[in-house]
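Student: Give me a model of this one.
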Amino acid sequence: MNAMLPLLLAAALNGAAPQRLPDPPPLPPLTDDTLPSTTIEDAGLRLNAQFGFDAGKRLLRLRYLLHNGSRQPVALFDRGNSLAVAQGRLKAGSAATPTTEPGKDGLVLHHRIVPLRKPAPTVPPIPLAARVAPGAELGGDVLIEVGDATHLRYCLGVAPFEPTLFSSRQSIDGVELWRASFDAVGRQKTLCTPWFDTARLDFESQ
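Tutor: Below is the predicted model:
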């Protein structure tokens, strides 16, 4: 079966040659006192998130930074999946656009690993994770279309970096990128911001 994977991947991508993604425009520094921000801490991990909301375009600019203050490396599940990279929809090592999940309280923006759906696709989207060493930090800067949502929150999936659950290490632009086993789903926890009110342009108190 392993010998067939390259052929299956080629077949899945046949007829749609990957296009080179344009280089992103220069972005301001992550720290910007003009944007509403919030900080979440849990077991030595600290997530800082900044929301820049454009009401006219219904776009959210999410800037986030995870600091690993624990004694162990952690896996950060914000780097998308292997299929998105292979199809040219995502640059390897870059932060992916979060998935969105509407609910009764608002729209949740997710960076996380999810179980492999059943039946499994011919070419599974292997989750990609960034390893963050103790004392190190890593983040991203992404744009998300949020439609008519009035309340938003961001949730970031992390897990202890257990070598048996990760493979195929790459070093890309300072990011230590790994393929994650779907078994890592059971080790994941999420760090979530408070709700952000798009009318008041501020986070609600926890």
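Student: Can you pull up the most central residue in the chain?
Tutor: Among the residues of the chain, residue 78 comes closest to the average C-alpha position under C-alpha atoms, centre = their mean, at 2.2 Å.
Student: Report the secondary structure state of that residue.
Tutor: coil (DSSP: H, G, I helix; E, B strand; the rest coil).
Student: Show me the contact partners of the helix or strand encompassing residue 110.
Tutor: Assigned by DSSP states H and E, residue 110 belongs to strand 107-111. Outside of strand 107-111, the residues within contact range by C-beta atoms under 8 Å, 6 or more residues apart in numbering are 60, 62, 76-78, 95-96, 98-102, 144, 146-147, 149, 151-157, 190, 192. (Glycine included, C-beta is placed from N, CA and C.)
Student: Give me the subset of these lying in strands.
Tutor: Using DSSP state E, 60, 62, 76, 99-102, 144, 151-157, 190, 192 are the members of these that sit in strands.
Student: Just the buried ones out of the residues you listed, please.
Tutor: 60, 62, 76, 144, 151-157, 190, 192 (16 or more other C-beta atoms under 10 Å).
Student: So of those residues, which two are at opposite extremes in space?
Tutor: Taking C-beta to C-beta, the two most distant members of those are 76 and 151; they sit 25.0 Å apart.
Student: pLDDT below threshold where in the chain?
Tutor: Low-confidence segments of the chain (pLDDT under 70): 1-33, 206.
Student: the helices in it, which residues?
Tutor: 5-13, 82-86 (DSSP state H).
Student: picking that back up, residues in a beta bridge with the closest residue to the residue nearest to the centre of the chain other than its chain neighbours, which ones?
Tutor: Leaving aside its sequence neighbours, residue 78 sits nearest to residue 111 (C-beta to C-beta, 6 or more residues apart in numbering; 3.8 Å). Residue 111 has the following beta-bridge partners by DSSP bridges: residue 156.
Student: Now for residue 111, how many residues are close by?
Tutor: 26 (other C-beta atoms under 10 Å).
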